[in-house]
Structures are given as C-alpha cells and as structure tokens.
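One predicted model, sequence on top.
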Amino acid sequence: MIAIRGSRERGHANHGWLDSYHSFSFADYHDPEHMGFGALRVINEDRVKPGMGFGTHGHRDMEIISYVLEGQLEHRDSMGTGSIIAPGDVQRMSAGRGVQHSEYNPSASAGVHFLQIWIEPNVRGIAPSYEQTRFASEAKRGRLCLIASPDGTGGSVTIHQDARVHAGLLDGAETVTHALAPGRRAYVHVARGSVHVNGVALAAGDAAKLTGEPVVTLDRGSAAEILLFDLP
C-alpha cells in the first residue's frame with residue numbers, strides 16, 4: 001500500500017526569520033493522523049534568513065539529522081562541537097540524556113534551506129554524541145546512497161535505531177529500486193524536483209508512505225533529490 005502526504009497538506013509556520021513546513025505534528029502544529037511513521041518522528045523543511053537562527057535550546061533521547069539543501073548552517077553545542085554544515089554534509093546528533101545546541105545561518109546575504117529530521121532511538125539515557133560526514137553528489141547520482149544506519153555501514157553516520165536513511169539524485173531515464181525486507185516499511189520524501197514512486201508522481205515537498213510493499217521503485221525523475229527511510 002502507498003499513501004501520499006502532499007506538500008500542501010503539511011503544517012506551516014512562518015516566523016519571519018524562519019519559514020518552516022512540518023511533515024508531522026510539531027510545536028503548535030498538531031495532527032493526530034500524522035504523528036510520525038514508525039520511528040520517524042519529524043521532518044521539518046526549514047528556510048532561515050541571513051544572520052538568523054535557533055538560539056541555544058535542549059533535546060533529550062532523540063536522533064537528530066540535519067541535511068542541508070542550500071546555503072550553510074552553523075552548529076554549536078554543549079559537547080564543545082562547532083561546525084559548518086553545507087550541501088552534501090549529513091550531521092547526526094544523538095541527544096541522549098541531554099544536550100544543548102544552537103543552529104544559525106552564518107551568511108550575511110544568503111538564506112539556508114535544510115531538512116531537520118528526528119528519529120526516535122531504541123535506547124535512552126545514553127551519552128550525547130555528534131557526527132558529521134560528507135557525501136559527494138556522485139555517490140547519490142542515479143543511485144541510493146546510505147547516509148545513516150545503526151552500524152555506520154559504508155561510512156554512513158550512526159544512529160541508535162534499526163533504521164536506514166538513503167539519499168538519491170535522479171534525473172531523466174534513471175531508475176532506482178530498493179528492496180524492503182518482510183515487515184519493513186518505507187517513507188520517501190522528495191526534497192527537490194519531481195519523481196515517480198511506485199508509479200505515483202510526486203513533486204517537491206511530497207512524500208510517500210509505503211507499507212506491505214516488497215520493493216520501492218523510483219523513476220522518471222526531474223532534477224529530483226530524495227530521502228528514503230527504511231524503517232521497522
């Protein structure tokens with residue numbers, strides 16, 4: 001079965017400095033029909049104006065992944081980590097028993113466009129940790145590149161959950177398939193462009209929830225950048 005989560009159906013909040021779309025219930029946006037999908041709890045598509053950002057705030061017991069599409073995001077946290085995240089980078093922060101962090105757009109002229117993803121961990125109260133890895137566009141072109149996994153396979157960032165996150169770039173005649181093991185489900189989020197998922201056309205901001213499907217097929221992409229979540 002495939003169920004579509006349309007871009008226009010998402011929650012939306014515009015705070016002036018921040019324009020944010022919520023695929024699942026978040027902050028003041030509450031939709032009992034969209035509280036998450038398996039262990040996937042949050043996908044926020046955020047655009048932050050130059051010189052603005054999220055001040056220091058705390059998280060607990062959550063795997064947080066940042067995926068930058070355009071611009072740069074500056075990260076600082078209570079573990080002493082400071083970094084700049086740019087397109088191609090994947091940042092993972094395990095909040096564990098508690099961490100404070102801030103995220104800012106360091107540019108004085110350009111906005112930053114990124115996805116903030118939360119995955120519920122399968123263990124609680126661990127020490128917080130941070131990881132950042134770069135994945136070249138060539139590794140995602142016409143294929144699915146594993147960017148997050150429970151064991152760091154292939155240089156992916158490590159998350160504390162039996163979930164795997166793949167990123168892909170598809171255009172033209174490229175076709176990608178991903179087999180799902182029995183009992184597994186998939187969530188496909190279109191970050192940019194358009195693509196067909198198991199024959200269904202999706203555009204930027206759209207997503208597909210797949211349950212009981214043995215294979216996910218992605219084709220007929222047009223400048224598409226997608227994230228595929230393989231979930232228990």
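Nice, I can see it.

how deep is Gly142 tucked in, by neighbour count?
By other C-beta atoms under 10 Å, the residues close to Gly142 number 15. Glycine gets a C-beta too; all of them are placed from N, C-alpha and C.

My guess is it contacts Gly172. True?
No: contact status for Gly142 versus Gly172: not in contact, 9.0 Å apart, counting by C-beta atoms under 8 Å.

What residues are bridge-paired with the spatially most central residue of the chain?
Geometric centre of the chain, nearest residue: Ile117, 4.3 Å, by C-alpha atoms, centre = their mean. Assessed by DSSP bridges, Ile117 has beta-bridge partners Ile43, Ile65.

and Val123, how many neighbours does it have?
If you count neighbours by other C-beta under 10 Å, Val123 ends up with 10.

which SSE is the residue lying closest to it once chain neighbours are set aside in?
Excluding the flanking residues, the one nearest Val123 by C-beta to C-beta, 6 or more residues apart in numbering is His160, at 5.2 Å. In the assignment (DSSP states H and E), His160 maps to no helix and no strand.

and Gln132, which of the three is it?
Classification of Gln132 using DSSP: H, G, I helix; E, B strand; the rest coil returns strand.

And stretch 96-106, what's buried?
The neighbour-count check on stretch 96-106 (16 or more other C-beta atoms under 10 Å) flags 96, 99, 101, 103-105 as buried.

Pick the one among the residues you listed closest to Arg10.
When the buried residues of stretch 96-106 are compared for distance to Arg10 (C-beta to C-beta), Glu103 wins out at 20.5 Å.

Look up the residues forming beta bridges with the closest one.
Phe54, His75.
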